[in-house]
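Engineer: Fold the following and give me the result.
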Amino acid sequence: MQRPSVAILGASGYSGVELSRLVALHPGVELVLAGSDRWADQTVESHIGLPQPGLRYLPPDRALEHASSCAAVLLATPAEVSHTWVPKLAGKAIVIDLSGAFRLRLRESYAVHYGFEHHHPALLEKAQYGLPELFRAELAGATLIANPGCYATAIQLAIAPVKSLVTGRWIADALSGVTGAGRKATEEMSFVEIANDVRAYRTLRHQHAPEIAQGLAGTHVTFVPHLVPISRGILATCHAQLASGIGEAQIKAAFEAAYGQEPFIELAANADAVAIKDVVGTNRCKLGWSVVGDELVVISAIDNLVKGAAGQAVQNLNIALGLPETMGLQLRGFHP
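Structural biologist: Okay, here's the model as predicted:
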């Protein structure tokens with residue numbers, strides 16, 4: 001039986017390469033097309049380190065032209081590019097967009113948070129937000145899926161099960177490896193500028209903030225991202241004050257009820273037991289919490305390029321195609 005064909009556009013970025021490796025190893029689908037302006041006409045095998053006989057990167061225009069004949073198209077492209085390309089693919093193939101171009105429901109949010117006017121309101125209404133652990137019911141049979149942001153994934157998974165058990169505002173401080181900034185050569189992302197330093201950036205104006213607010217409707221979250229000198233991984237520390245009468249037992253019960261059967265979530269013994277090294281190269285989110293008096297701290301860790309991008313896209317692809325959700329995601333491995 002022929003496996004569903006998959007095209008990857010934007011295949012030379014960090015998320016795109018990780019996505020290419022995962023799809024190439026996936027037993028239920030076949031990678032038939034990879035688009036890249038940087039690596040046009042070069043072999044896919046030479047960049048992902050896996051046998052892909054005869055498969056070469058196509059330049060963007062040719063890749064887009066041929067992608068619509070595939071069963072599914074995965075876009076690891078900047079938001080402005082996805083905004084232009086998704087309408088040309090929608091209705092012809094299952095489309096999973098790893099950018100933020102279709103995550104936010106409010107059209108006017110894009111000018112503020114992404115720097116462009118959104119011209120496809122009908123597709124915004126059609127797009128399903130692809131965080132399976134929280135919105136799985138909406139994903140079965142979906143033909144346009146907006147893959148969540150990496151910070152948004154880590155923070156929503158940490159807060160969602162217990163958001164009704166706290167009072168007031170959440171504070172979410174999240175640390176990310178440098179691959180979260182994408183594959184670009186700039187002075188501020190050079191080794192000398194990044195090494196031996198930790199710094200906050202885009203404070204109170206990060207594009208994932210409205211996505212977090214949307215997913216955790218009715219919950220106030222102050223989110224501050226930080227850059228740390230590691231290649232990949234996110235650690236999100238989320239603080240809140242417990243409502244009256246709520247303690248450790250209720251918090252534990254809420255997390256176990258929400259995630260006890262989830263294949264990609266691991267519940268740790270406490271907040272101190274969560275580390276980035278435990279999840280790098282996997283599609284897992286590790287979560288732990290600690291309670292003292294009325295104070296609650298929930299810490300989550302994910303690999304920003306896997307559960308925060310490529311792995312979650314494959315998880316969404318499996319759901320959309322009716323395949324087992326864990327298919328192709330059991331292996332541990334990463335690039336870079």
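
Engineer: What's the separation between the residue of the chain most remote from its centre and residue 117?
Structural biologist: Largest separation from the mean C-alpha position in the chain: residue 245, at 34.9 Å (C-alpha atoms, centre = their mean). Computed as C-beta to C-beta, to the nearest Å, the residue 245 to residue 117 distance reads 48 Å. Bear in mind the C-beta positions are built from the backbone N, C-alpha and C, glycine included.

Engineer: and if you look at residue 324?
Structural biologist: Distance from residue 324 to residue 117, by C-beta to C-beta: 40 Å.

Engineer: what sits against residue 6?
Structural biologist: Contact analysis of residue 6 by C-beta atoms under 8 Å, 6 or more residues apart in numbering lists 23, 29, 30, 31, 32, 33, 70, 71, 72, 73, 74, 317.

Engineer: Name the residues of the lengthiest strand in the chain that are buried.
Structural biologist: When the chain is parsed with DSSP state E, its longest strand is strand 166-176. Buried residues in strand 166-176, counted by 16 or more other C-beta atoms under 10 Å: 166, 170, 172, 173, 174, 175, 176.

Engineer: Run the chain-centre distance for the one helix or strand residue 20 maps to.
Structural biologist: Secondary-structure element containing residue 20, defined by DSSP states H and E: helix 14-25. Remark: helix 14-25 is offset 13 Å from the chain centroid, using C-alpha atoms, centre = their mean, to the nearest Å.

Engineer: same for it, what does it pack against?
Structural biologist: With contacts taken as 3 or more C-beta pairs under 8 Å, 6 or more residues apart in numbering; DSSP states H and E, helix 14-25 sits against strand 5-9, strand 30-35, helix 45-48, helix 311-321.

Engineer: Let's test this: mean pLDDT of the longest one, rounded?
Structural biologist: In other words, helix 311-321. The average pLDDT within helix 311-321 is 98.

Engineer: What segments of the stretch 151-300 of the chain are strands?
Structural biologist: 166-176, 199-200, 221-227, 234-242, 265-267, 285-292, 295-302 (DSSP state E, counting those that start in this stretch).
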